[in-house]
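Engineer: Everything below, folded, please.
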Amino acid sequence: MFKRHLLVPAVVFVGTVCFFPLSCTQKRAEEKSPVTVSVISVGSSSSCSGDVYVGQVCASRSAVVTAPYGGTLVSSSVSQGDRVKASQELAKVESSGVQSSYEMACATLRQAEDGYQRLSKVYGSGSVADVKMVEMQTNLEKARAAEASARKAVEDCTLKAPFSGVVGEIYAEEGEQLMVSAPVVKIVDVNSLQIKIPVPEGEISSLNIGRKAYMSVPAVNLTDVPLRLVRKGVVASSLAHTYECVLEPLSFVPSLMSGMVCKVTFEDKDARSRTVVPASVVRTDMQGRYVWTVDEDDIVHKVFVKVDGFSGDGVVISEGLSDGDRVIVDGVSRVSTGMKVKTVEKQFADVGWVILRRLFHQRNHQIQEDSLLCCSSSCSPWHIWSCADKQG
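Structural biologist: Okay, here's the model as predicted:
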């Protein structure tokens, strides 16, 4: 029994001695390999303090050429993407009813002209009453008007371009049977493009006609294209509660095409220098909003900040940060106050939140901004969207 009691302390002592070197080895390993995080250097920004909207490039003028009468599309002389001039022939519709009406009108006109000529010869000798001559003249004028109307109907069966532009869409092919007013070709004027943006009802009052803005189009690598607001919507969408506003480029942009998605940033008349950080780096706890920063010795600090709204590039910070502070954008879940880390510099580019914010307005969601600010910078836009749907 005495040996058994001695054996238990011995085992505990040996286990402690074996575990102590192992734990020391692990601590030394952690000290040798600090956590790697991505940081950005914050600074003041005044050029991107205006409102930002997601819009679409549209043709300022477009027209759908339709079949004026029912019939068969016997010819189509254009294809999608072809440039056409005003009054150029696009297609031809053959209508048996229109052709028959024209032939009947021509026959009636010939009969009226022949009767008028015969009666005129007799009318000179006084053998025909004036009433009969007036009746014949009236019939001739009616026949001429009917023939002109029937001829115009035949001419309308040849579809022509209403203005110079590009063939945007082809709705019917040769041999198809068309109904009255069936669409055949769409013509788009690409020489004068417009940008349409949906503006929430709470922000429409801040936009005035003539206000300047800048556009960026990722599809063709266009940035800072100057725009001007030319029209404000007066009727809101019943679903999204947004007003459609139209802007025009100040100069012709050759690479711009109808249908492209763009980002429009309005100039802020009261623009001032402010500290801006990506929205994804701002965290929230019981004490308020904060960010993780790294000092000159690569030591992590928890800094509480005051958010003063949103700008074109992220969140405006009014208190807590200064120019040159390094804020952690990736790896925040692995750091704590006082930890030494390895930093990797990263460029400040995080406009995804701004785009999603405008889309939320369009869907008429009332999103809590605090919940969206808790998404990390590594989250995809679809993850942020799902988080918003849960809150909405």
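Engineer: For the rest of this, base every contact and every neighbour count on C-alpha atoms.
Structural biologist: Noted.
Engineer: how about the longest strand along the chain: buried residues?
Structural biologist: Using DSSP state E to assign secondary structure, the strand with the most residues in the chain is strand 183-200. Going by neighbour count (16 or more other C-alpha atoms under 10 Å), the buried part of strand 183-200 is 183-191, 193-200.
Engineer: pLDDT value on the residue lying closest to Ser164 once chain neighbours are set aside, please?
Structural biologist: Nearest non-adjacent residue to Ser164, counting by C-alpha to C-alpha, 6 or more residues apart in numbering: Lys85, 4.1 Å away. Note on Lys85: pLDDT of 94.
Engineer: With Gly338 instead?
Structural biologist: The score at Gly338 is 89. That number is its pLDDT.
Engineer: ok, Cys262 - contacts?
Structural biologist: Contacts for Cys262 (C-alpha atoms under 8 Å, 6 or more residues apart in numbering) come out as 54-57, 215-218.
Engineer: after the helix or strand that contains it, next one along is what?
Structural biologist: Cys262 is part of strand 261-266, with elements assigned from DSSP states H and E. Later in the chain than strand 261-266, the nearest helix or strand by DSSP H and E is strand 274-277.
Engineer: Any stretches of this structure with poor pLDDT?
Structural biologist: 1-32, 43-50, 268-274, 310-313, 347-392 (pLDDT under 70).
Engineer: residue ranges of the strands in the stretch 51-200 of the chain, please?
Structural biologist: All strands of the stretch 51-200 of the chain, identified by DSSP state E, counting those that start in this stretch, fall at 52-66, 71-76, 83-84, 89-94, 158-160, 165-170, 177-178, 183-200.
Engineer: so where do the strands sit in the stretch 201-350 of the chain?
Structural biologist: According to DSSP E, counting those that start in this stretch, the stretch 201-350 of the chain carries its strands in the segments 212-217, 222-231, 242-249, 261-266, 274-277, 283-285, 288-294, 300-304, 306-311, 314-319, 326-330, 341-345.
Engineer: want to throw those into a markdown table with distance to Ser76?
Structural biologist: Formatted as a markdown table, the strands of the stretch 201-350 of the chain follow (distance: least, C-alpha to C-alpha, whole Å):
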| stretch | distance to Ser76 |
| --- | --- |
| strand 212-217 | 35 |
| strand 222-231 | 36 |
| strand 242-249 | 34 |
| strand 261-266 | 32 |
| strand 274-277 | 56 |
| strand 283-285 | 61 |
| strand 288-294 | 64 |
| strand 300-304 | 68 |
| strand 306-311 | 51 |
| strand 314-319 | 52 |
| strand 326-330 | 58 |
| strand 341-345 | 59 |
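Engineer: so which of the ones you listed comes closest to Ser77?
Structural biologist: Counting by C-alpha to C-alpha, Ser77 lies closest to strand 261-266 out of those; the figure is 31.3 Å.
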